[in-house]
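**Q** Based on what follows, work out the 3D shape:
(chains A and B)
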Amino acid sequence: MAVRERSSIQGADTQFLDPAVLSRISGLDLLARTVVDGFLQGLHRSPHLGMSLDFAEHREYMPGDDIRRIDWKLFGRTDRFYLKLFEAETSANFMVALDISKSMSFGTHAVTKLDYARYLGAALSYFSQKQRDRVGLATFDHEIVEYVPPSTRHLQLILHTLARAEPGRPGVLRDPLMRLGDNLHHRGILLVLSDFYEEPEQVIDSVRHLRARGHDVIVFHLLDPAELEFTYESAASFRDMESGTMIPIVPDQLADEYRALIGEHTQELERLFTGSRIDYTVLDTSKPLDYALFRYLSSREKMARVR
Amino acid sequence: MGLLAPLFLLGLVGLAVPIVVHLTERQRRNVVDFPSLMFLRKIPFRSTQRRRIHHWALLSIRALALALLVAAFARPFFEDSAVAIGSTLGPREVVVVLDRSYSMGYGDRWERAKTEAREVFEGLDASDRASLVFMSRGAEALLRATSDRARLLTALDTASLSADGTLYGPALKLAQTILEESEYPNREAVIISDFQRTGWKGDEGVTFPPGTVVTPVMISDESTPNATVASVVLRRDFFSGQERMTATARVVRREGEAPAERTIVLEVDGQEIQTQTVRLDPTGSTTVTFDPFTLSDLYTRGSIRIGSDALPQDDELHFVLSPGRAMRTLVLEGASPRPDVSLYLQRALEISEEASFQVTVRRSTSLSAADLEATDVVVLNDIRFPQGATGDRLRRFVEGGGGLLLVLGERSAWQTGLEEILPGRFGPARDHTRGAARLGYLDYSHPVFELFGGPRGGDFARARFFRSRNLEVSPEGRVLARFDDGAIALAERRLGEGYVLVWTSTMDAFWNDLAVQPVFLPFIHQLMRHLGGYRERVPWFTAGQVLDLSDPAGMVFVADRESELATDVAQVALTPGGGSVALPATAGPRFLELEEQGFYEIRPPGTNPERSFAVAVNVDVTESELESMDPTEFAAAVAPRETSAGPGAGGEMVTPEIQARNQERRQSLWRLLMVAALVLLLTETAISNWISRAATMRFEDGRSYVPSNT
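**A** Numbers count the residues shown, from 1 in each chain, chains lettered A, B, ... in the order given. Presented below is the predicted three-dimensional model:
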């Protein structure tokens, strides 16, 4: 399973990427800076990706334009003011779609899945802001709960929204993601953070809609170790956190079958997402964040090459 | 089906109580919250023997009996009266929708349509009721829910075609309303039409009430060859001091077998003045341009006709024209002007195809009241603003609707008091030292520049401005053009009914070279048209439109004499068909509905002026597209979504007694439910007693213990 692979960034200092350590940092702003700066320091690479300074065309000067962009050489030849325009003048939109359904509040160690998703969302938004991208956020359960449109000035608003996101209601992927796709008029990078407790066909139907609208979609499937390994011992009534229904369970008799089922589930999701050219990664919420950051960085690099 | 007392359904909650208690007690201990149970297989969890359900059948019977009791108290009833009544025959409510758009005048369609409607009316029983609804772009219920067959037939005989197009929505909505208001059990809508596709929008939102039988009656022909005068373009020009009109007509032919020659005639004031012959392909169009004719009289009536065919209404197109009034422009250039200061302005205004300009250039700053009386636009070309009485006259001239253009140059000078007239305060002249300035901003939403807003609409940026005057716009002013350094080139202010425009550079080739650019001429024409309030006259209207003869703002495009708009004088409108519409003197709006094709003549009653106010009315040519839609498709779109079980049996009138009986039938289901619940409870009692007897355990001390059934 992908979550068990080791990060290839061996040089990165993962002390500040451990969820248990991060859970002791109170402010998301500080947390994001700690994670990203520490990560990049270990990476020894430029954080600026996808920028281009390729000359595109000239445009006649209009009142209100920045006079520093006037092409004075051309002025010398033509006696007219022209501006030099470049490709990729504007950065990409980076949008985080965060599932805050009740099941995301599950956690059996230092952080819940939602906390982990919060850290990831904050860190990658901060990272994208450094990239000069426009960052945005949508939290959803069975509908969009909070929506922060992409902007270069919305980082603090995003961190604040992430900090006060409260799980409470059952979640459905399709409607909120469809609505989100309708709201996003400019193509960009869309990061979906969820535990995907729906049938794989329903999940891919919900997410493929975003890909079809031209967004580069990166999917992080967040699962707690208890969900992956099912380490319960005594018989008990298991209560669905979203629907509240209860089922009597004898874990000894079920654990192997459960692990096989969730393994099939993630493999099927991986197959379907890959078929739709969507980057899919399963994340164990007890593991450091560096793996997720590295996966995101790889995806960005890949997208920059394609674009 | 509905419920009279749905709140009683809350009693069903009681069914769940014992089961819920049983299940919750069983699973209350050792609960683990888990994100989702989608992967977990349900494993039976060992419960206590005491809580196991022993007799499922008994529990089911009791639950069912309780549910039936609750349902009986909720009083269910059938909403569809036809289902409950169980009768199909009876009085009918019939609505006949008769299409009388002008396309029904094709061949003998109108007569066939009336014959179909007549057959429907003659087939009515004495107890039936019928309505007659006329359909065109609007809807009119000529007779509503009447059993008087003679009135229906008379109304049908006197009905005539309209000059209007087809729109299904209003007439169907009206028919729907009539049927919904009817208490008769049998409803029928008969729609007699040629079912033109052009009139069907698809979102009419009409659905007839349940049980309505929709019968479309198609009035059509196997082929519909038709020629139409689709449009006419009228172009004015001036030749040898006379105004001439050139008419270009577009003729369309739809269907047919072989190319055909058609004669097209231009009539002016009832006289046939030109005839042309064109060759029309079976499906094609062509344009015909007639030789120019002189336009000298007010309200000249013209018509273009092609030879009549099966649909004569679209074979002619009428128009009314009046000579265009020359826009009188007075240019004042001071006593000792710069050479050729007004030359370019004057030459530009002397060249015009549509609106003519009458230009007078005067080297004086004096203006008499008579001068202004005979002037539409005054141009102060590089002179000081007149002072004293002349200045006051000029101000009143603008407030009364005149136009004033102030061209700033070397000799212009700011004077106290101008801030109340001009759109801003102008300052000294300044040179554009960093090369020539160009026009960098134009307000394309303004009438002066609207013409230039489209692609290839004129290149103002080619003109170079070497000198101009600074202008600071006041709050009353509006900037219409700026140079590329942000300075204002043209500003406007509304003063009373008129406008004042200030151009901050000269109108010759001294301070700029705009005058030698191609865009100069149309720019000057637009400026003068705006300042002089020029409006192009509307040559015709479409049947169905309504004129408000008391509205000066709207009628300025129609009437040429102000006396025609006077609402304090009674007038009469003579219709093309020879009828008359009285237009009494009134202080309010005076509406004239243009229903017929041809010329409406409006004049005081009892008079016969040589050239009376006339308005031309033409049919909507989209109606001449005779393509039909499938009547079954049409019927399916408007048919009721829930059809009834069919007409009832009995043939009775729906009296209050019948209504009460029907209502009782619809609500009588509760009795059946009560009986069923009673039977179930008796059965349950018998089974329960039998089980109890069988399971009674006698202990040795003589006491008995009966275990719980559930």
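**Q** What separation is there between the residue lying closest to residue B:130 once chain neighbours are set aside and residue B:314?
**A** In this structure, residue B:130 finds its nearest non-sequential neighbour in residue B:94, 4.4 Å apart by CB to CB, 6 or more residues apart in numbering or on different chains. Yep, even glycine has a C-beta here, placed from its N, CA and C like the rest. From residue B:94 over to residue B:314 the distance is 33 Å, taken as CB to CB, to the nearest Å.
**Q** what about the residue in the stretch 201-307 of chain A positioned nearest to chain B, is that helix, strand or coil?
**A** Per CB to the nearest CB, residue A:248 is where the stretch 201-307 of chain A lies closest to chain B, at 2.6 Å. Under DSSP: H, G, I helix; E, B strand; the rest coil, the three-state class of residue A:248 is strand.
**Q** That one is in contact with residue A:237, isn't it?
**A** Yes. With contact defined as CB atoms under 8 Å, residue A:248 counts as touching residue A:237 (5.3 Å).
**Q** And the lengthiest helix in chain B, what does it pack against?
**A** As assigned by DSSP state H, the longest helix anywhere in chain B is helix B:669-695. The contact analysis (3 or more CB pairs under 8 Å, 6 or more residues apart in numbering or on different chains; DSSP states H and E) places helix B:669-695 against helix B:56-73, strand B:76-77.
**Q** In terms of helices and strands, where is the residue of the stretch 101-250 of chain B found nearest chain A?
**A** Going by CB to the nearest CB, chain A is nearest to residue B:203 of the stretch 101-250 of chain B, at 22.6 Å. Per DSSP states H and E, residue B:203 falls between elements, in no helix or strand.
**Q** what's the neighbour count on it?
**A** Residue B:203 is flanked by 7 other residues according to other CB atoms under 10 Å in any protein chain shown.
**Q** all helices of chain A, in order?
**A** A:19-22, A:28-43, A:72-78, A:113-130, A:155-163, A:174-183, A:200-212, A:225-229, A:251-275, A:290-306.
**Q** which of these is buried the deepest?
**A** Mean neighbour count (mean count of other CB atoms under 10 Å in any protein chain shown) peaks for helix A:113-130 among these, with a mean of 25.
**Q** What average pLDDT does that helix get?
**A** Averaged over helix A:113-130, pLDDT sits at 87.
**Q** Show me which residues of the stretch 201-307 of chain A sit near chain B.
**A** Residues of the stretch 201-307 of chain A found near chain B (CB under 8 Å from any CB of the partner chain) are A:224, A:227, A:232, A:234-243, A:245-250, A:253-254, A:257-258, A:261-262, A:265.
**Q** circling back to that earlier point, contacts only, for the residue of the stretch 101-250 of chain B closest to chain A.
**A** By CB atoms under 8 Å, 6 or more residues apart in numbering or on different chains, the contact list for residue B:203 is empty.
**Q** just the one 10 residues further on next, same as before
**A** The contact partners of residue B:213, by CB under 8 Å, 6+ apart, come to B:186, B:187, B:188, B:189.
**Q** And it, which helix or strand is it part of?
**A** Following DSSP H and E, one finds residue B:213 within strand B:212-218.
**Q** what's the following helix or strand after that strand?
**A** strand B:226-239.
**Q** burial count for the residue of the stretch 451-600 of chain B found nearest chain A?
**A** Here the stretch 451-600 of chain B gets closest to chain A at one residue, residue B:486, 5.5 Å apart by CB to the nearest CB. If you count neighbours by other CB under 10 Å, residue B:486 ends up with 11.
**Q** Confirm that it sits in a helix.
**A** No. In this structure, residue B:486 is coil, not part of a helix, as judged by three-state DSSP.
**Q** shouldn't it be in contact with residue A:63?
**A** Yes. In this structure residue B:486 lies within contact range of residue A:63 using CB under 8 Å: 5.5 Å.
**Q** tell me, what's touching the two both at once?
**A** residue B:440.
**Q** for the stretch 451-600 of chain B, what are the low-confidence residue spans?
**A** B:552-554, B:556-557, B:561-567 (pLDDT under 70).
**Q** rewinding a little: in terms of mean pLDDT, which of the helices and strands packed on helix B:669-695 ranks lowest?
**A** Ranked by mean pLDDT, the helices and strands packed on helix B:669-695 bottom out at strand B:76-77, which scores a mean of 80.
**Q** Can you name every helix or strand that that one contacts?
**A** By 3+ CB pairs under 8 Å, 6+ apart, strand B:76-77 packs against strand B:2-3, helix B:656-667, helix B:669-695.
**Q** beta partners for the residue nearest to the spatial centre of chain A?
**A** Residue closest to the average C-alpha location in chain A (CA atoms, centre = their mean): residue A:191, at 3.2 Å. When assigned by DSSP bridges, residue A:191 has beta-bridge partners residue A:96, residue A:218.
**Q** burial count for the residue of the stretch 201-307 of chain A closest to chain B?
**A** So residue A:248, with other CB under 10 Å, has 17 neighbours.
**Q** Please, which helix or strand holds residue B:173?
**A** Element membership for residue B:173, per DSSP H and E: helix B:168-181.
**Q** what's the average pLDDT for the helix or strand immediately after that helix in the chain?
**A** As assigned by DSSP H and E, the chain's next helix or strand after helix B:168-181 is strand B:186-193. Strand B:186-193 shows a mean pLDDT of 91.
**Q** Which residue ranges of the stretch 251-400 of chain B form strands?
**A** Assigned by DSSP state E, counting those that start in this stretch, the stretch 251-400 of chain B shows strands spanning B:260-268, B:271-280, B:284-289, B:293-294, B:300-306, B:316-321, B:327-332, B:357-362, B:377-381.
**Q** winner for burial among these?
**A** By mean count of other CB under 10 Å, those have strand B:377-381 as the most buried, with a mean of 26.
**Q** Please name every helix or strand in contact with it.
**A** If you count contacts as 3+ CB pairs under 8 Å, 6+ apart, strand B:377-381 packs onto strand B:327-332, strand B:403-407, helix B:520-532.
**Q** quick one: strands adjacent to that strand?
**A** Sheet pairing of strand B:377-381 (DSSP bridges) gives strand B:327-332 (parallel), strand B:403-407 (parallel).
**Q** Let me know the secondary structure of the closest residue to residue B:527 other than its chain neighbours.
**A** Computed as CB to CB, 6+ apart, the closest residue to residue B:527 that is not its neighbour in sequence is residue B:448, at 5.7 Å. Following three-state DSSP, residue B:448 is assigned to helix.
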